[in-house]
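> Build me a model from this:
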Amino acid sequence: MTTVVFTHGTGVREPHLGGLLAQIASGLAVTAPGARLVAYDWGGPYGARLAADGASIPAAPGAGTGRSTGDPGEGDEVEGWARLYDDPSAELATAAAGVAGHATPPGAAFPDERPRGLLLEIAGRGESGAGPLAPGIQQAAAELARNPLLAPAAEALDPETLASVLARALTAMAVAEDIAADSPVQTGGDVRDAAVAALAERLGAAPAGTGRGPLLRMAGRPLVRLGSRYAVRRRRALTDAAHPAAGDILKYLARGEDMRRGLRELVATLEPPVVLLGHSLGGIISLDTLISGPLPGVELLITVGSQGPFLYETGALPSLAHPDPLPGHVPPWLNLYDRRDLLGYAAEPLFPGRAHDVATDSRQPFPVAHSAYWTDPPVYRAIGERLP
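Predicted structure coming up:
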């Protein structure tokens, strides 16, 4: 009788492991009815946990630190900028959405005529007050002048507010460009707000004067909202929910020998033939264990939605560095990955003749696809066809 040792992925703990095993056993019963399923529950004894009850998690901004500015809108400002970096036209779209539309009287200037001209002027001459953001703002001004949201937003907003909205949009576009370029130096809030104030004045707002006056405070505070402040204030709860998964990966890469030793000890108690079946990090543990030394009785390695090939290629797999080949004692390797699973990687191109890839399709988007293997019949067919 073939024994399949299932090694789970990150964040899996009881009681969820029991349900996962039941699902896998049900799937194997169809394509490999003679197989025996055994779990390697490394998460219980070796998985990550907050040993000091979360002492490393900082308090929310201003919570007993004495560092809050006392400004009740401070958090709203930060989350508003987060939204603008994601969509610099968000405020323009909000303003434009409230315009019913009306005809401009004969001979009157269109509301967007002056701001469009000022934007084109900035695109041509730049704005020295924008500091390090100035180069990106010139290109952003040319794009914003062509934005179809400018006209309806100009109808909806008074000139002073429109100037601030456009200044924030320009600044957000320049910062977003730095973010997209993965620049190692990002703009701080003071530099950003100084650029907004200079641009707002250039676009027709009243002079800001010196210091952080009313215009600078108003110009630097977007009207849009996002949930980032909620996330920061609930950091403890979110960490409690997320740390087993992220912590398991970090702990394995730093101190994975205990997990590998536990798998070797389990396999030593089993009658051959044995198949190692690992999902996600479980696949990495299985692969690493086999590479680090022979496991008598193991005749097949199956990895599902695993990052082992990626870690090998990037030089992060603990037991084997690219371009070293797989040791001869590693058994045949079946690697399954869903085409939409961004955490599943191909092994065959890296280990031709030693690994065999099977691409599946659960028709689920990521991240659901990463855990949808166990209800996908082709996964079990591929496994059943190759079991010894």
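> from here on, contacts and neighbour counts on C-alpha atoms
Noted.
> give me every residue that touches Ala268.
295-296 (CA atoms under 8 Å, 6 or more residues apart in numbering).
> Can you tell me how far it is from Ala55?
As for Ala268, its distance to Ala55 is 39 Å (criterion: CA to CA, to the nearest Å).
> what about the closest residue to Leu37 other than its chain neighbours, is that helix, strand or coil?
Sequence neighbours aside, Val4 is the residue nearest to Leu37 in space, at 4.9 Å (criterion: CA to CA, 6 or more residues apart in numbering). Per DSSP: H, G, I helix; E, B strand; the rest coil, the secondary structure class of Val4 is strand.
> so where's the stretch 151-300 of the chain uncertain?
184-185, 208-245 (pLDDT under 70).
> The residue nearest to Leu37 reaches Arg36, doesn't it?
Yes. With contact defined as CA atoms under 8 Å, Val4 counts as touching Arg36 (6.0 Å).
> Please identify which of the two sits among more neighbours.
Using other CA atoms under 10 Å, the more surrounded residue of Val4 and Arg36 is Val4, with 24 against 15.
> gap between the host helix or strand of Ala153 and the chain center?
Following DSSP states H and E, the helix or strand that holds Ala153 is helix 150-156. On the basis of CA atoms, centre = their mean, to the nearest Å, the separation between the geometric centre of helix 150-156 and that of its chain is 35 Å.
> got the buried residues for it?
By neighbour count, and taking 16 or more other CA atoms under 10 Å as the criterion, the buried residues in helix 150-156 are 150-156.
> For Gly126, state which of these is nearest.
For Gly126, the closest of the buried residues of helix 150-156 turns out to be Leu150, at 19.7 Å, with distances computed as CA to CA.
> so how far is Leu277 from the closest one?
As for Leu150, its distance to Leu277 is 57 Å (criterion: CA to CA).
> Pairing partners for Asp357 in the sheet, please.
Beta-bridge partners recorded for Asp357 (DSSP bridges): Asn335.
> Correct me if wrong: it contacts Ala347.
Yes. The pair Asp357 and Ala347 passes the contact test of CA under 8 Å, sitting 6.4 Å apart.
> residues shared between the contacts of those two?
Asn335.
> which of those two has more neighbours?
Set side by side, Asp357 and Ala347 show unequal neighbour counts under other CA under 10 Å, the larger going to Ala347 at 26 against 17.
> how would you label that one: helix, strand or coil?
Three-state secondary structure (criterion: three-state DSSP) places Ala347 in coil.
> State the distance from it to Pro318.
Spatial separation of Ala347 from Pro318 under the definition CA to CA is 16 Å.
> could you pull out the strands for the stretch 201-350 of the chain?
Secondary structure of the stretch 201-350 of the chain, counting by DSSP state E, counting those that start in this stretch: strands at 274-279, 298-304, 333-338.
> Pipe these into TSV and attach mean neighbour count per row.
Conversion of the strands of the stretch 201-350 of the chain to TSV gives the following (neighbours: other CA atoms under 10 Å):
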stretch	mean neighbour count
strand 274-279	25
strand 298-304	25
strand 333-338	25
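> Rebuild those as CSV, extending it with distance to Lys251.
CSV is the format used below for the strands of the stretch 201-350 of the chain (distance: least, CA to CA, whole Å):
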stretch, distance to Lys251
strand 274-279, 17
strand 298-304, 20
strand 333-338, 24
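> those helices in the stretch 151-300 of the chain, which residues are they?
With helices called from DSSP state H, counting those that start in this stretch, the stretch 151-300 of the chain shows them at 159-180, 189-202, 214-219, 228-233, 235-255, 257-268, 281-292.
> Please disregard the earlier target; I meant the stretch 1-150 of the chain.
Taking DSSP H, counting those that start in this stretch as the criterion, the stretch 1-150 of the chain carries its helices at 16-31, 43-46, 74-86, 90-97, 113-125, 134-145, 150-156.
> The residue nearest to Leu37 and Ser26, how far apart?
Val4 sits 13 Å away from Ser26, going by CA to CA.
> on that earlier part again, for the residue nearest to Leu37, which residues are in contact?
With the criterion set at CA under 8 Å, 6+ apart, Val4 makes contact with 35-38, 274-277.
> Distance of it relative to Leu119?
Taken as CA to CA, the span from Val4 to Leu119 is 66 Å.
> One more: Lys251?
With the distance defined as CA to CA, Lys251 ends up 52 Å from Leu119.
> Between the two, which is the more surrounded one?
Leu119 (27 against 16).
> Grab the nearest non-local neighbour of the more buried one.
Here the nearest residue to Leu119 in space, its sequence neighbours aside, is Ala141; by CA to CA, 6+ apart that works out to 5.2 Å.
> Based on its surroundings, how many neighbours for the closest residue to Ser292 other than its chain neighbours?
Spatial nearest neighbour of Ser292, chain neighbours left out: Ser319 (5.9 Å); criterion: CA to CA, 6+ apart. Other residues near Ser319 number 15, with proximity taken as other CA under 10 Å.
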